[in-house]
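K.L.:
Okay, structure incoming, though there's no sequence with it:
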């Protein structure tokens, strides 16, 4: 029996992540809350510290700073560094070659994009978060025809607008079963959304006929430009109905011939729907499965199980590494180490089973950690 494939020297492209908070000096309760999706105050302030993921992260972070593995010591070590220095140290240690950032979350309190890119010391591309973009346009346009025209115009050349892809959080709004609606239904939903704007000054786009219609406009633009579209799938806070967040709900979109040129990226390994996501990436030519190693907040064993399920059926040309790191740079950092370890372990098993030889396994690891995302999002130059 051979051991894991050593991927420690392979730089990663984090194809799904977010900005970090501008303030990193945190009390223990706030710090713990960065490692759970639960909105419950007690879970965030207390129970989050008692997960396998958190205990592992605390020990790893303590070792990085050379301090005792206690919250007090770790938080004190972090507080001695300015945010840019903390990001720079962690990203350099993680050997992150590129990042693809969803700039739509968090929407406030984050390090400015230019400062984050400079501190990270890596190549950076961004995604346009569709629902946030739609909500802004709904608030700005009093007429339905004006709204749809504005969406088409704004998405006519997404790359020229500064983005390498699109991101949908429909799973957090109305679910992944994106439908086609009669125009009358879409117009009625627009009227309801505008009424919400009139009452509150903004809108949360939970109006399904309108959101689905606008998403179809975005998908058509993405297909015309061969532009990747990421979908939040599965794991998240309770605002997402997990029953409606299975990747199988996307069947109507995936079956639409007009969208075959639109690369679809299923995020979070679709956890807990990993096998469903792997299946879709194995049968649809435009579907890719993201393997996220910081969020969801999983144990090492569960991360390996997710990886086994994905590699068991999905072509390695359709698998993509990410961390989904957000707010604290330790998530981007730990995700890289965890991804290399889990992927290396599973590739070692595939070699031991005779599924791959050593060279094939090494090349597969490089593709998943770095090369697939580099090509998909169009990073300039060579990843080497």
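P.N.:
Thanks, I have the structure now. Just so it is clear, the structure is predicted and the values come from calculations on it, not from any experiment. Numbering: from 1, shown residues only.
K.L.:
Around the spatially closest residue to residue 204 that is not a sequence neighbour, how many other residues sit close by?
P.N.:
With CB to CB, 6 or more residues apart in numbering as the criterion, residue 204 has its nearest non-adjacent residue at 7.0 Å, and that residue is residue 135. All C-beta spots, glycine's among them, are computed from the backbone N, C-alpha and C. The tally of other residues near residue 135 (other CB atoms under 10 Å) stands at 21.
K.L.:
likewise residue 319?
P.N.:
Residue 319 has 24 nearby residues by other CB under 10 Å.
K.L.:
Give me the distance between it and residue 356.
P.N.:
Distance, residue 319 to residue 356, using CB to CB, to the nearest Å: 14 Å.
K.L.:
So the residue nearest to residue 204 sits against residue 201, correct?
P.N.:
No - in this structure residue 135 lies outside contact range of residue 201 using CB atoms under 8 Å: 11.5 Å.
K.L.:
Let me see the ranges of the strands in the stretch 1-150 of the chain.
P.N.:
12-17, 96-102, 123-129 (DSSP state E, counting those that start in this stretch).
K.L.:
Comparing these, which stretch has the densest surroundings?
P.N.:
strand 12-17 (a mean of 29; mean count of other CB atoms under 10 Å).
K.L.:
How about stretch 340-355, which residues are buried there?
P.N.:
340, 341, 342, 343, 344, 345, 346, 347, 348, 349, 350, 351 (16 or more other CB atoms under 10 Å).
K.L.:
Tabulate those (CSV), appending distance to residue 205.
P.N.:
Converted to CSV, the buried residues of stretch 340-355 look like this (distance: CB to CB, whole Å):
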residue, distance to residue 205
340, 38
341, 39
342, 35
343, 36
344, 41
345, 41
346, 38
347, 41
348, 45
349, 43
350, 43
351, 47
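K.L.:
ok, now which ones touch the residue positioned nearest the centre of the chain?
P.N.:
By CA atoms, centre = their mean, the chain has its centre lying nearest to residue 16, at 3.5 Å. Residues near residue 16 by CB atoms under 8 Å, 6 or more residues apart in numbering: 100, 102, 230, 265, 267, 290, 292, 320, 322, 323, 324.
K.L.:
Pretty sure the third one sits in a strand.
P.N.:
The reference is to residue 230. Yes - Residue 230 forms part of a strand when assessed by DSSP: H, G, I helix; E, B strand; the rest coil.
K.L.:
From what I see, it and residue 129 are in contact.
P.N.:
No - using CB under 8 Å, residue 230 is not in contact with residue 129, being 9.4 Å away.
K.L.:
Now do the shared contacts for those two.
P.N.:
By CB under 8 Å, 6+ apart, the residues touching both residue 230 and residue 129 are 102, 167.
K.L.:
So for stretch 295-308, what gets flagged as buried?
P.N.:
So for stretch 295-308, counting by 16+ other CB under 10 Å, buried means 295, 296, 297, 298, 302, 303, 304, 305, 306, 307.
K.L.:
would you list those residues in a markdown table and tack on distance to residue 187, secondary structure and pLDDT?
P.N.:
Below are these laid out as a markdown table (distance: CB to CB, whole Å; DSSP: H, G, I helix; E, B strand; the rest coil; pLDDT from 0 to 100):
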| residue | distance to residue 187 | secondary structure | pLDDT |
| --- | --- | --- | --- |
| 295 | 37 | coil | 97 |
| 296 | 38 | coil | 97 |
| 297 | 42 | coil | 98 |
| 298 | 43 | coil | 98 |
| 302 | 45 | helix | 98 |
| 303 | 46 | helix | 98 |
| 304 | 50 | helix | 98 |
| 305 | 47 | helix | 98 |
| 306 | 42 | helix | 98 |
| 307 | 46 | helix | 98 |
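K.L.:
Specify which member of those residues is nearest to residue 172.
P.N.:
Of all the buried residues of stretch 295-308, the one sitting nearest residue 172 is residue 295; the distance, using CB to CB, is 14.1 Å.
K.L.:
Please give me every residue in contact with the closest one.
P.N.:
So residue 295 contacts 37, 235, 268, 323, 324, 325, 326, 331 (CB under 8 Å, 6+ apart).
K.L.:
pLDDT score assigned to the fourth one?
P.N.:
Okay, so that is residue 323. pLDDT for residue 323: 98.
K.L.:
If you drop the residues flanking it in sequence, what lies closest to it?
P.N.:
Nearest non-adjacent residue to residue 323, counting by CB to CB, 6+ apart: residue 335, 2.7 Å away.
K.L.:
any idea of the mean pLDDT in the helix or strand hosting the one you found?
P.N.:
Residue 335 belongs to helix 329-352 when assigned by DSSP states H and E. The pLDDT scores in helix 329-352 average 98.
K.L.:
Pull the distance from it to the chain's centre.
P.N.:
With CA atoms, centre = their mean, to the nearest Å as the basis, helix 329-352 stands 17 Å off its chain's centre.
K.L.:
That one to strand 12-17, inter-axis angle?
P.N.:
120 degrees (axes from the mean of the first three to the mean of the last three CA atoms, to 10 degrees).
K.L.:
which helices and strands does helix 329-352 pack with?
P.N.:
On a contact count with 3 or more CB pairs under 8 Å, 6 or more residues apart in numbering; DSSP states H and E, helix 329-352 meets strand 12-17, helix 52-65, helix 83-94, strand 96-102, strand 287-292, helix 300-313, strand 319-322, helix 358-366.
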